[in-house]
Each structure stands twice: as C-alpha cells, then as structure tokens.
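> Any chance you can model this:
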Amino acid sequence: MKFEGKWRINSCLRLDDERGFIYLSLDELAALDPDDDTAAQMKDYIFDIQPDGFILTTSPVPEGASAEDIEGAKANGMEFIEDDARIVLGRTPWCEDENGTVRFDSGVRGETLGEPVDPWATLEETEDGLLQYLMYRLERV
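Sure thing, here's the model as predicted:
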C-alpha cells in the first residue's frame, strides 16, 4: 500500500473496562462523554503523508480567525497550509527502510526495563484497508 496522501481518523483506540482495548469511531467516542468536544475536533484532523518524509497533522483554522490572527500566529512560528485554511499541529518524520517497511518517529523516548526504546514505529495497513498510526486507524480522504 502506498501511504502518501491525505488520511482522516476512522477510529481511535480506547480501553474499555469489560472488553479491553477496542477501536471506537469518533461518534462512539463522542457519545461516551457529550461534554467533551475532543472527538468533534478530531473529525477535522487530516494526516497528510508527504513525499518529502513528513506526516503533517493539520486542523482547520478556527472559525472567526482574522487575517491578523493568522499573521500573528505565523509570526509566532505556527505553520499554515492550503492558502492558510489549515494549521499544522505537528510534523512527524517518516521513512521507508531497505526492506520497504514504512516507519515514523513516534516521539517515544527513554527506556523500558533498562533497554532503550526505539522511537521508530511501523505504519501498517489493517485487514480492512485502514492505516494504523499511533492510537488511530486512518482512512483515505
């Protein structure tokens, strides 16, 4: 599977007291806590896997943001794409190794049981054609 392109969240890993770790859609997550708008915000996230070796996590510019707001954010180091319609929330390096495995920098650092942790995790296609990335399963936009 070619991973380059735009992806959005299909489902998110969650720990359920009875069933253990399960994947829930963003609608299912939102129903668990109607006062938490995190799932609603995540519906607008786009993960743009670019050929230059970065995964951009993006979100729409908030409603009501003025041109001055955007220029001020740029002056403070925020990155915008798509004619300033989307904010870059994160930029994650990815690469393809000599075996064709696509790996990304998970950001995890440190040690586990005295052994250094490899921060490079694997991007994998699931049985149903989704992309496993961190705690998310992504679908192509």
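> Quick one, grab the pLDDT at the nearest residue to Glu111 once chain neighbours are set aside.
Counting by CB to CB, 6 or more residues apart in numbering, Val117 is the residue found nearest to Glu111 once chain neighbours are left out, at 6.3 Å. In short, each C-beta sits where N, CA and C put it, glycine included. pLDDT recorded at Val117 is 93.
> what's the answer for the one 4 residues further on, then?
Reading off the confidence values, Ala121 has pLDDT 94.
> Please shift the residue numbers so they start at 29 in all later answers.
Noted, 29 is the first residue going forward, which turns the last one into Ala149.
> quick one, what contacts it?
131-132, 134, 136, 162 (CB atoms under 8 Å, 6 or more residues apart in numbering).
> Check for me that it belongs to a strand.
Yes: according to DSSP: H, G, I helix; E, B strand; the rest coil, Ala149 belongs to a strand.
> That one pairs with what?
With DSSP bridges as the criterion, Ala149 is bridged to Phe132.
> What are the buried residues along stretch 87-101?
Buried positions in stretch 87-101, judged by neighbour count with 16 or more other CB atoms under 10 Å: 89, 98, 101.
> helix or strand for the second one, which one?
With elements delineated by DSSP states H and E, Ile98 resides in helix 95-103, which encompasses its position.
> what packs against that helix?
strand 107-109 (3 or more CB pairs under 8 Å, 6 or more residues apart in numbering; DSSP states H and E).
> Now Ile98. Nearest residue, chain neighbours left out?
Leaving out its chain neighbours, Ile98 is closest to Asp112 (CB to CB, 6+ apart), at 5.4 Å.
> Burial check on that neighbour, number of neighbours?
14 (other CB atoms under 10 Å).
> do the same with Glu107
14.
> quick one: pLDDT of the nearest residue to it once chain neighbours are set aside?
Leaving aside its sequence neighbours, Glu107 sits nearest to Val116 (CB to CB, 6+ apart; 3.9 Å). At Val116, the pLDDT value in this model is 97.
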